[in-house]
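Asks: dropping a prediction and its sequence here:
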Amino acid sequence: MVTPLLAAVSAAGPATPADLGAARMQMALSLGWHIVLACLGVGMPAITLLAEWRGHRTGDVHYRLLARRWAKAMGVLFAVGAVSGTILSFEMGLLWPGLMGTYGEVIGLPFSLEGIAFFIEAIFIGVYLYAWDRLSPGKHLLSGVPIVLAGVASAFFVVTANAWMQQPTGFALRDGKVVAVSPWAAMFNPATPPQTVHMILAAFMVAGYGMASVYAVAMLRGRRDRYHRLGLLLPMTVAAIVTPFQIGVGDWAAHFVADYQPVKLAAMEGVFASGRGVPLHLGGIAVDGELKYALEIPYGLSLLAHWDPHAAIQGLNVIPPADRPPVNVVHWGFQIMVGMGSALLLLAAWLAVSWWRRRDIPRTAWFARAAAVSGVAAVVALEAGWVVTEVGRQPWTVFRVLRTVDAVNPAPGLVYGFALVSAVYVVLTVATVYVLRRLARDVPVPIAPQEPDVAGYKVV
Amino acid sequence: MGLPEIMLAVLWVGLTAYVLFGGADFGGGVWDLLSGGAGTGRRRRELVEHSIGPVWEANHVWLIFVIVLMWTGIPSVFAAVASTLYVPLTLAALGIIARGAAFAFRKASTRLWQQRLFGATFAFSSVVTPFFLGTAAGAIASGRVPPGIARGDLVTSWANPTSLTAGALAVGTAAYLAACYLTRDAERTGQPDLAEEFRRRALVTGVVVGVLSAAGLLVLHADAPGLFAELTSGRALPFLVLSVVAGVASLPLLWLRRYREVRITAALAVVGLLWGWGVGQYPVLLPGVTLREAAATTSVLAASLGSLAVGAVLLVPSLWWLYATFQREHTAGRERAEP
């Protein structure tokens, strides 16, 4: 009896800093990887359906060919997204049993609902992709609609759980156990509205700019036919329409953080000393409790965060250093997100002006170049935004309720798990990119005999 | 019967569905692995791909359903299981990634070396994943996951006689179910020679799984006497009887080529094993922890089960449509595809 007892005690000791770091990096890697796929999973079906619908309405073979090709890529991406999402549900318990063992039930409801939504998505993606030749064009189009709705719903449900970690509501704690749980109140916590809307719009931006950049690259290589122009125009139009709204929603989210998580705002802006009429800092590096080398815009932060140039802003100095998030990571994450978002807004405006004046995309190669990097920019903005949200919440896993160090699995050897998972993700990334590039290059295989025109159409 | 019991029953239904449907998809991968060279095995691999392609993602969701219901309904048990069984569950998760991604990649590849590489990954991970999931089940069944976080032994909790038998049984069951399902799929797509082949394979794996199950009982006798007693003389006995009867009945049905009926008896044999385990262990989830002690608060159970009930109204007809669409074989489609 002594030996197992000893083993149990040694196994359950506190996690070493290396293991905690490994667990955080593994979660960041697998979430940061999956979120790109999730965005494509939410945005791509809508854009693909739009192309299929245009093709159906206008009879334009280019639209149908685009829809076909995007559907094929969607099949690959959905599979990879489904499995990279599954590992996350494992990791919630493998890495963060301290969170799930106590609070799993509080955030269980949105995950149950997400499970239903994901089920619907998986069922209809099976039908949409594999029954192209078994359903009439109208029915086939309809079979794609649940994918879009369920994708948006999934994004909403999952992000409500993250919002709860930022603003934990809907439960009480007694002797380390949760009591009086109100799952609906937990789901509709104060952070839910800005975070979910921000994320869903981001998904359409990532998908739209990402799909457009594939065709922008092709145009830079001299393929400027109607197929490629439409391939750029259709997704980018969706993304461009979303972009200004996203800037507005981002402002809403920042106001929310200013009101509900002032420490995170202070880290985002690199503000150490509390005060009134606080300037906005662009760039800069935090060293020894001070932001150096930053460009200051007087009153900027007070004005942006509270619509009042003399509004009070809480600095990081009011809380002990151990309770502060890492400032440079959060500050730069925020700067990068805002920078990318603004650049994409300019790109969207450029497209809008050109369309308004001559009903076409801008002719200059500079537009194609900008469009070619827009997908990367959208992904960078997405990742940077999540870094702000998640690193800005540290040292808490559940804001002011559960510390990350108490949430992590105390079992030894998490660093090896991280090394193994990292290796798998490197291979997965290489293989995914390789297969997608092949799909983009190969002449599409016709899968619906009812559309022989597509089968005979050769893409150069 | 209160909400915790309903929740556990729903969880077990989800687990059963995952084993019957998701398990068979893994089994498809096992047969892919054993299909032979690229030339001779091509038609077998095509049949496997044709059968699981449209449905595996939906089948896979059952696993997510089980995990989510576990952390919602019995959070402390979920945390104990995941933290102690960190090693096999990480390996199973990586296997899931490799299986799903490689299957999709192979489908999208056109060159032989790519198809071989992705196919091998798909097939190999189809063996590894159910094995590690099975070892985790064996760890719970033999009471090697103590309550609390990471309290169990990180290695012997899943590397022990019950776990290893359960792992082997999981792989065998998956292969057996897949072989039974594939006989009918082969017949329906007009490939009687393949149907014969999978009939032989189903017969052999059926016997192997039967022997493994009997060996498993002996292992339980030594390793988890409580569960053994329940299975052989307690509440779980009817399920064991169901499993044995259905399993034995499958063999003559296979012999007589009654492929449609064999789907049902093969599934029932597996259902008997799963529910025998569940009923035999109930109400103890972990050593010293009963369902009532571990269950989430009533408000959570009510909200989650209510949502699932509403969700089922959407899901059941959708799932039925999915299976109906692809089970109704279109001979015309095949002729078109292979003129």
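Replies: Sure thing, it's come through.
Asks: at the contact with chain A, which residues of the stretch 201-339 of chain B appear?
Replies: Proximity of the stretch 201-339 of chain B to chain A, by Cβ under 8 Å from any Cβ of the partner chain, involves residues B:296-297, B:299-300, B:303-304, B:307-308, B:311, B:314-315, B:318-319, B:321-322, B:325-326, B:330, B:333, B:336. All C-beta atoms are positioned from the backbone trio N, CA, C, and that covers glycine.
Asks: where along chain A do the strands fall?
Replies: A:172-174, A:177-179, A:275-276, A:280-282, A:285-286, A:291-292, A:295-297, A:312-313, A:396-398, A:402-403 (DSSP state E).
Asks: didn't residue A:163 look like it was pressed against residue A:195?
Replies: Yes. Counting by Cβ atoms under 8 Å, residue A:163 does reach residue A:195; the two are 4.5 Å apart.
Asks: any part of stretch B:179-189 near chain A?
Replies: No. Stretch B:179-189 stays clear of chain A (Cβ under 8 Å from any Cβ), getting no nearer than 14.4 Å.
Asks: which other residues reach that stretch?
Replies: When contacts are defined by Cβ atoms under 8 Å, 6 or more residues apart in numbering or on different chains, stretch B:179-189 is touched by residues B:24, B:27-28, B:31, B:47-48, B:50-51, B:192, B:194-195, B:197-199, B:201-202, B:205, B:250, B:254, B:257, B:259-260, B:262-263, B:266, B:327, B:329, B:334.
Asks: write the ChimeraX selection for whichever of the residues you listed are buried.
Replies: Entered in ChimeraX, the line below selects the buried ones among those, by 16 or more other Cβ atoms under 10 Å in any protein chain shown:
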select /B:24,27,28,31,47,48,50,51,194,195,197,198,199,201,202,205,250,254,257,259,262,263,266
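Asks: restricted to strands, list the contacts of stretch B:179-189.
Replies: Among those, none falls in strands (DSSP E).
Asks: so which of the contacts of stretch B:179-189 sit within helices?
Replies: Using DSSP state H, the members of those that fall in helices are B:24, B:27-28, B:31, B:47-48, B:50-51, B:192, B:194-195, B:197-199, B:201-202, B:205, B:250, B:254, B:259-260, B:262-263, B:266, B:327, B:334.
Asks: let me see the mean pLDDT of stretch B:268-277.
Replies: Stretch B:268-277 comes out with an average pLDDT of 92.
Asks: for the chain, which spans come out with low pLDDT?
Replies: Assuming you mean chain A. For chain A, the stretches flagged by pLDDT under 70 are A:1-13, A:442-460.
Asks: oops, I was thinking of chain B
Replies: For chain B (pLDDT under 70), the answer is B:328-339.
Asks: what about the strands in it?
Replies: Secondary structure of chain B by DSSP E: the strands cover B:284-286, B:289-290.
Asks: of all the strands of chain A, which one is nearest chain B?
Replies: strand A:177-179 (6.9 Å; Cβ to the nearest Cβ).
Asks: partners of the closest one, with directions?
Replies: Its sheet considered, strand A:177-179 pairs with strand A:172-174 (antiparallel) by DSSP bridges.
Asks: any idea how far the partner strand is from the middle of the chain?
Replies: Computed by Cα atoms, centre = their mean, to the nearest Å, the chain-centroid distance of strand A:172-174 equals 32 Å.
Asks: then stretch B:217-231?
Replies: Distance of stretch B:217-231 from the chain centroid (Cα atoms, centre = their mean) equals 22 Å.
Asks: alpha carbons only: can I get it in PDB?
Replies: Provided in PDB are the C-alpha atoms of stretch B:217-231 (Å, rounded to 0.1, in the frame of the first residue of the first chain):
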ATOM      1  CA  LEU B 217     -13.500 -12.100 -18.400                       C
ATOM      2  CA  LEU B 218     -10.600 -14.200 -16.900                       C
ATOM      3  CA  VAL B 219      -8.500 -11.100 -16.600                       C
ATOM      4  CA  LEU B 220     -11.300  -9.300 -14.900                       C
ATOM      5  CA  HIS B 221     -11.700 -12.200 -12.500                       C
ATOM      6  CA  ALA B 222      -8.100 -11.600 -11.400                       C
ATOM      7  CA  ASP B 223      -7.900  -7.900 -11.900                       C
ATOM      8  CA  ALA B 224     -11.300  -6.400 -11.100                       C
ATOM      9  CA  PRO B 225     -13.200  -9.100  -9.100                       C
ATOM     10  CA  GLY B 226     -16.100  -6.700  -8.300                       C
ATOM     11  CA  LEU B 227     -16.900  -6.100 -11.900                       C
ATOM     12  CA  PHE B 228     -16.400  -9.800 -12.700                       C
ATOM     13  CA  ALA B 229     -18.900 -10.800 -10.100                       C
ATOM     14  CA  GLU B 230     -21.500  -8.300 -11.400                       C
ATOM     15  CA  LEU B 231     -21.100  -9.500 -14.900                       C
END
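Asks: residues in contact with that stretch?
Replies: B:141-143, B:160-162, B:165, B:232, B:236-237, B:239-240, B:276-277, B:279-281.
Asks: now stretch B:32-44
Replies: B:31, B:45, B:48, B:112, B:115-116, B:119-120, B:122-124, B:126-127, B:191, B:194, B:197.
Asks: among those residues, which ones lie close to chain A?
Replies: Counting by Cβ under 8 Å from any Cβ, no member of the contacts of stretch B:32-44 is near chain A.
Asks: any of those buried? List them.
Replies: B:31, B:45, B:48, B:115, B:119, B:122-124, B:126-127, B:191, B:194, B:197.
Asks: need the max-distance pair from those residues.
Replies: Farthest pair in the buried ones among the contacts of stretch B:32-44 (Cβ to Cβ) is B:124 and B:191. Separation: 25.5 Å.
Asks: OK, contacts around the residue of the stretch 101-250 of chain B found nearest chain A?
Replies: Of the residues in the stretch 101-250 of chain B, the one nearest chain A is residue B:104, at a distance of 3.4 Å by Cβ to the nearest Cβ. For residue B:104, the contact set (Cβ under 8 Å, 6+ apart) comprises A:75-76, A:79-80.
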